[in-house]
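Visitor: got a sequence here, can you build the structure:
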Amino acid sequence: MSRIGIVSALAVEARCLPGRRGLFGWRNALPGEAMLGLSGPGAIGAQRMAEQLVARGATELVSWGLAGGLDPGIAPGTLIVADRVVVARGTGYATDKGWRQRFLSALPRRVAVREALLLASDNLVTTSAAKTVLRHRYAAVAVDMESGAIACVANRHRLPLLVLRVVVDPADMALPPALAELVARDGGVHLSRLTRLLIRRPSILWPLFELAWNVRIATSTLRRIAPMVTDHGVWPSAAAEGNLSLPP
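Guide: As a prediction, this is how the structure comes out:
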């Protein structure tokens with residue numbers, strides 16, 4: 001029996017999926033025999049969570065959530081359906097072609113989407129200059145910190161992979177350097193740290209407000225596409241189709 005495992009780094013991403021209770025821990029109540037694992041930000045947690053989902057019976061994996069834009073032509077709220085994930089160290093992983101195409105064909109027309117290369121970075125990319133360097137070096141349109149680790153697990157277990165990431169910060173937008181310190185391991189926000197940061201540096205309020213607005217736009221896109229993620233009709237049936245797209 002097919003069972004989908006969805007890895008999400010942040011609580012704000014996970015809440016866009018159907019059924020929002022019980023996010024901290026294992027989630028078996030999603031429609032369509034799906035499981036959700038909340039990993040916290042970064043590759044280490046994402047890899048650990050993906051492995052745990054596989055151990056609990058996942059036969060397909062999804063990398064789900066937000067990303068930073070590298071291509072100047074991509075606006076906040078644009079869905080990136082990655083055809084390939086490349087890790088900053090150079091390893092590349094293909095996603096499942098059949099699954100990806102079925103998902104794209106089912107998308108509502110009002111969803112802005114790009115099917116393109118996604119970069120997995122070890123660190124949060126906070127400056128527009130750094131984004132420009134990465135775009136030229138890897139030819140990627142967006143970047144996150146978890147998809148490479150999830151792709152590695154899918155490749156190790158020879159499982160189909162779908163990578164769905166929505167752009168929050170466009171290529172020309174700089175993020176507050178202290179942003180990483182505000183995100184808790186469970187994907188939530190350290191409110192006490194946020195309060196202290198605003199007291200010390202009130203000038204950071206506007207960048208945080210702009211980021212919050214973009215998160216609202218991006219999560220609106222995630223909510224639109226969420227029903228398709230748990231729709232068994234667009235899942236891969238690898239045993240029947242022999243359609244695993246794995247790295248050469």
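Visitor: measure how buried Glu88 is and give me the count.
Guide: Just so we're on the same page, residue 88 is Ala rather than Glu. Close neighbours of Ala88, defined as other C-beta atoms under 10 Å, add up to 17. Quick note: C-beta positions are derived from backbone N, CA and C, even for glycine.
Visitor: wait, I meant Leu134
Guide: Residues contacting Leu134 under the criterion other C-beta under 10 Å number 20.
Visitor: surely it and Leu70 touch.
Guide: Yes - in this structure, Leu134 is within contact of Leu70 by C-beta atoms under 8 Å, at 5.7 Å.
Visitor: list the buried residues in stretch 148-167.
Guide: Neighbour counts using 16 or more other C-beta atoms under 10 Å place 148-155, 159-167 of stretch 148-167 among the buried residues.
Visitor: mutual contacts of Leu134 and Leu70, please.
Guide: Shared contacts of Leu134 and Leu70 (C-beta atoms under 8 Å, 6 or more residues apart in numbering): 119, 140, 143.
Visitor: from those, which ones fall inside strands?
Guide: If you go by DSSP state E, those have 119, 143 in strands.
Visitor: reformat the shared contacts of Leu134 and Leu70 as CSV; add distance to Leu208 and pLDDT.
Guide: Shown next, in CSV, are these (distance: C-beta to C-beta, whole Å; pLDDT from 0 to 100):
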residue, distance to Leu208, pLDDT
Leu119, 25, 98
Ala140, 26, 97
Val143, 20, 98
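Visitor: which one of the shared contacts of Leu134 and Leu70 is nearest Gly42?
Guide: Set against Gly42, the nearest of the shared contacts of Leu134 and Leu70 by C-beta to C-beta is Val143 (13.3 Å).
Visitor: go ahead and confirm the closest one touches Ser121.
Guide: Yes - counting by C-beta under 8 Å, Val143 does reach Ser121; the two are 5.1 Å apart.
Visitor: out of these two, which sits in the busier spot?
Guide: Shown here are Val143 and Ser121; by other C-beta under 10 Å, Val143 has more neighbours (28 against 20).
Visitor: bridging residues for the more buried one?
Guide: Gly68, Leu119 (DSSP bridges).
Visitor: anything in contact with each of Val143 and Ser121?
Guide: Listed as contacting both Val143 and Ser121 by C-beta under 8 Å, 6+ apart are Leu134.
Visitor: can you give me the buried ones in the lengthiest helix in the chain?
Guide: If you go by DSSP state H, the chain has its longest helix at helix 205-229. The neighbour-count check on helix 205-229 (16+ other C-beta under 10 Å) flags 208, 211, 214-215, 218-219, 221-222, 224-226, 228-229 as buried.
Visitor: check contacts around the nearest residue to Val113 once chain neighbours are set aside.
Guide: Excluding its sequence neighbours, the residue lying closest to Val113 (C-beta to C-beta, 6 or more residues apart in numbering) is Leu79, at 4.4 Å. Applying C-beta under 8 Å, 6+ apart to Leu79 gives the contacts 107, 111-114, 164-166, 221, 225.
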